[in-house]
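**Student:** Dropping the sequence and predicted coords here.
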There are 4 protein chains.
Amino acid sequence: MNQQTVTLTITCSDQTGLISAITGCIAESGGNILNLAQHTATDIDMFFCRISFAVGADFKNTNFTSRFEPIAEKFSMDWKLFNNSEKKRVALLVSKTSHCLYEILLKHADGELDCEIPVIISNHPDLAHIATAFHIPFYQVDTGKGKEAYEADLQGILEKYKTDLVVLARYMQVMSGQFCKRWEGRIINIHHGFLPAFKGARPYHQAWQKGVKIIGATGHFATEDLDQGPIIFQDVIPVADTCSVDEFIRMGKDVERRVLVEAVRRYLRHSIFLHDGRTFVIE
Amino acid sequence: MNQQTVTLTITCSDQTGLISAITGCIAESGGNILNLAQHTATDIDMFFCRISFAVGADFKNTNFTSRFEPIAEKFSMDWKLFNNSEKKRVALLVSKTSHCLYEILLKHADGELDCEIPVIISNHPDLAHIATAFHIPFYQVDTGKGKEAYEADLQGILEKYKTDLVVLARYMQVMSGQFCKRWEGRIINIHHGFLPAFKGARPYHQAWQKGVKIIGATGHFATEDLDQGPIIFQDVIPVADTCSVDEFIRMGKDVERRVLVEAVRRYLRHSIFLHDGRTFVIE
Amino acid sequence: MNQQTVTLTITCSDQTGLISAITGCIAESGGNILNLAQHTATDIDMFFCRISFAVGADFKNTNFTSRFEPIAEKFSMDWKLFNNSEKKRVALLVSKTSHCLYEILLKHADGELDCEIPVIISNHPDLAHIATAFHIPFYQVDTGKGKEAYEADLQGILEKYKTDLVVLARYMQVMSGQFCKRWEGRIINIHHGFLPAFKGARPYHQAWQKGVKIIGATGHFATEDLDQGPIIFQDVIPVADTCSVDEFIRMGKDVERRVLVEAVRRYLRHSIFLHDGRTFVIE
Amino acid sequence: MNQQTVTLTITCSDQTGLISAITGCIAESGGNILNLAQHTATDIDMFFCRISFAVGADFKNTNFTSRFEPIAEKFSMDWKLFNNSEKKRVALLVSKTSHCLYEILLKHADGELDCEIPVIISNHPDLAHIATAFHIPFYQVDTGKGKEAYEADLQGILEKYKTDLVVLARYMQVMSGQFCKRWEGRIINIHHGFLPAFKGARPYHQAWQKGVKIIGATGHFATEDLDQGPIIFQDVIPVADTCSVDEFIRMGKDVERRVLVEAVRRYLRHSIFLHDGRTFVIE
């Protein structure tokens, strides 16, 4: 019989006795801690904690909840409990470029992304053959019918496939504020610039014009403010002034795909704590 | 009144209930956990843990010890408790090159290395003026009088200054097996090669001959086997084939000084767990 | 009409007047230099040079050759002239792991590898479907029939497809000395260790045992001495001691695929100069 | 007798026959090319070239100039000729933090920066002792007397020491537009942010607030627009969300000092081509 594991995430203001209270409750519930990651952000006096623990076959979320609730109340905790056997369902949204899509599908096929990928959605037909090769349903949405109608279609597909997380894998459409709000903290976008620099269109051209010596990409939660949502992961690559814009674009692809996968990975591991407009990623 | 903090480090085989037992005992002792870092090495079923916690003015190591000993015995723990107000005393051994020495002294002066540096020892007079500029006693040892006699002198100086840690900051003398054993886990050496490759003399020349595309440096505990002691920290730098050996040497200096400081920093933070011939650095 | 470009590579001992003589001859031949990369290795007094230049429709290799030969003789040059319209033909050899194969095929499909890939060869059937998806002939060779017979089969396939370069994309078979010699400087292998450390089998396990803090991969020419051929490209990734061997293997994959592509790219750009057992890669 | 070397830098629009014309003229002048670095920026059709060559004892700049001028005119070149025996004179301006100052002085003492450092100037007395230790005259300027008067003093000191290059090594004073213009392309500043993000004051605080995962520093020419001058060199360091602002500041110091030295090094090697508001650094 496989061992069942759960993950508990906690956010609260920093106080004395937090870890002891939490781990004591886990022990009383028969849990065996596999991994505990914790951080006190001294700049803002906040406490973030993620604990994974193994539990017996008779473990019930409800039992743990009734045991943990008094503690959570006492310390004013924001907390969540995840059963790791319930895999997150991730919808991929793409347009015409394939490198991010391939990266996620190949990593997933290799067992490196612990989730389901029930659907791929696009505003173009170009990448349908890739979805087919990986045996995943492909939907083409019609953005020409107006933002509201199109986003209603999109919402319908996402619901049909019981989507937990939306991943914009170089999806070239701006989401409405309303849509972003509905999916707050559950849309991950990859921006091909080292944010907060080079927001908006053609970031590699902007970077070349400015003569920067390092380019990068940013994985972030989508919000109403374009390319300004909370940052999850970033990576960079040094560039020489002997590179053309086209070479920036080519070199950037490898950074983009890596950053997107790492951002999704952190989401699936429950490592991302959203607080006051920024993330704290605790590993 | 300043808050007193202590750090507890624990090594044992992996078992159920470790963290709860440990943190429970800390809570009972009135400790407030500031930072808990833990790792279970699944490849060898070992558990490593470092916990820093704040304690009251009336905290006594002996009281904690009597409370913790039964737990330690039950789980067959290897453990240590450090009072962070008692700064480690670090002796620096140097020869003729100054970059590692300067790095440690400047970081120390900037408050970035939490230790005392009571003495600098060398087998050459060349760097005495730097010791003087930083107001640290400088001793020149005579390696010509025979290994045994010279190491006895060295030992005498180290004892006189109540040395906890010996740092070989590009010290160009091989220590005897006996000396290494006496100071086991308390001598940090910097090797200017990316170990385990390029052991021994002239590692940059070896690297150039071999045509490697990345060079590096390694901070490690000194043992009887030259350049083969447990690795603490490593860093690398890409090199072009248009570099000469002299450029390797120049570029390597920046890596060496950084690696040495990072290795010492990990020692001072009690982050290094030595187990079965290798380290586990848990941060 | 598209402009025709050629690339000239030159190796010789360092002498006065080399660049002027070379570029003068190119100018006389009506060539317009697009890129000139040159390096004098002062440690061994050798000169390496690669020049790409545009030529008219009436340019003939033979005409240039008769003009250049007196210069080459005068300076004792080792030189080659490549017509860049004649794409190199690259055979891929694979076993069971797909990440390096996918990387090359996807980069090639994106126009990032300037070559033909006429054939994929394997000692296992597992990856045949990938070859099929990319419309490339797939051959399975039988290594069980004895090294000599099997390598004769292999040689036959390589000849049939007019192979210029053999790429071992995680091909888990050691080539005979005879085979390596026949293809000297034309077999690129990817080793999943940071050579010269961790030669041979299970390099990630070796690295974990040793407790290194950085792992890497090496693209090199295959020679009779296993994993000791001239290095073309290397890259590394820092690892934490909290990583298991399995995580090393997973993280290493991204380094391996990148290193292999970069090594092949340098070959296709004529950037690799082999001299006295090591490479000089001039970009 | 030591060999004399000169360096020629050329900027012009891309045309056929440039390299041949240039190297031909060098050969006729008896020069032996030691290093040629060239780049054609295809995005803007510009050609940048730097050539170092050895010349005989009887070489005269004026002779070369009269030979080269017709070529320069024909191709509308912007060009300069440097005698490498005439070392550049670099003035260091500092305030209260010492890490950048120490870095430059130590690299210079180690023979790694090929220049003179005739004077150190500050708006505070704090670092005078370092200047003294390195036997360099130290001047304290009075910024309280008004920008114009103070900058006149500054100008006086710079002229007195025949300054070629002004290096702002964490100098906490904004220069007037007039001063920047007078020293255009000859003031190098280090900004402790990864420009163009995080301009202005307290960049590490800005970065922490934004939750970026990588911080950096930028070496650039000072211009009237604060922190927006042409970028020369940049480097970055990944940061964890478990870092405080103070740790950002500490970690950033190592990046700052490295970036500043690398920027100065490129200036001294004549590797920086300023064109249309950005640099092209050709190495």
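**Tutor:** That came through, no problem. Numbering: from 1, shown residues only, chains lettered A, B, ... in the order given.
**Student:** now the helices for the stretch 51-200 of chain A?
**Tutor:** A:61-74, A:99-109, A:128-133, A:147-160, A:177-182 (DSSP state H, counting those that start in this stretch).
**Student:** and chain B, which of the ones you listed is closest to it?
**Tutor:** Among the helices of the stretch 51-200 of chain A, helix A:61-74 comes nearest to chain B, with 13.0 Å by C-beta to the nearest C-beta. C-beta: built from backbone N, CA, C; applies to glycine.
**Student:** Can you spell out which helices and strands pack onto the closest one?
**Tutor:** Counting contacts by 3 or more C-beta pairs under 8 Å, 6 or more residues apart in numbering or on different chains; DSSP states H and E, helix A:61-74 packs against strand A:4-13, helix A:18-28, strand A:78-83.
**Student:** what helix or strand does the residue of the stretch 151-283 of chain A found nearest chain C sit in?
**Tutor:** Closest contact between the stretch 151-283 of chain A and chain C, by C-beta to the nearest C-beta, is at residue A:250 (6.0 Å). Element membership of residue A:250 [criterion: DSSP states H and E] is helix A:245-268.
**Student:** From residue D:8, how far out is the nearest residue to residue A:194 once chain neighbours are set aside?
**Tutor:** Leaving aside its chain neighbours, residue A:194 sits nearest to residue A:216 (3.3 Å; criterion: C-beta to C-beta, 6 or more residues apart in numbering or on different chains). Distance, residue A:216 to residue D:8, using C-beta to C-beta, to the nearest Å: 35 Å.
**Student:** more crowded one of these two?
**Tutor:** residue A:216 (28 against 22; other C-beta atoms under 10 Å in any protein chain shown).
**Student:** Alpha carbons of the helix or strand just after the helix holding residue A:250, in PDB - could you do that?
**Tutor:** Counting by DSSP H and E, the next helix or strand C-terminal to helix A:245-268 is strand A:272-275. Presented in PDB, the C-alpha positions along strand A:272-275 are these (Å, rounded to 0.1, in the frame of the first residue of the first chain):
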ATOM      1  CA  ILE A 272       4.300  29.900  -3.500                       C
ATOM      2  CA  PHE A 273       2.900  32.200  -0.800                       C
ATOM      3  CA  LEU A 274       1.100  35.300  -2.100                       C
ATOM      4  CA  HIS A 275       1.200  38.200   0.300                       C
END
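**Student:** Neighbours of the spatially closest residue to residue A:112 that is not a sequence neighbour, how many?
**Tutor:** Nearest non-adjacent residue to residue A:112, counting by C-beta to C-beta, 6+ apart: residue C:250, 6.0 Å away. Residue C:250 has 16 neighbours, counted by other C-beta under 10 Å.
**Student:** Just the element for the residue nearest to residue A:194, please.
**Tutor:** Using DSSP H and E, residue A:216 sits within strand A:214-221.
**Student:** so how far is that strand from its chain's centroid?
**Tutor:** 13 Å (C-alpha atoms, centre = their mean, to the nearest Å).
**Student:** That one: which residues count as buried?
**Tutor:** Using 16 or more other C-beta atoms under 10 Å in any protein chain shown as the test for burial, strand A:214-221 gives A:214-221.
**Student:** And stretch A:252-259, by the same measure?
**Tutor:** A:252-259.
**Student:** And stretch A:59-71, by the same measure?
**Tutor:** Residues of stretch A:59-71 classed as buried under the neighbour-count rule (16+ other C-beta under 10 Å) are A:59, A:64, A:68, A:71.
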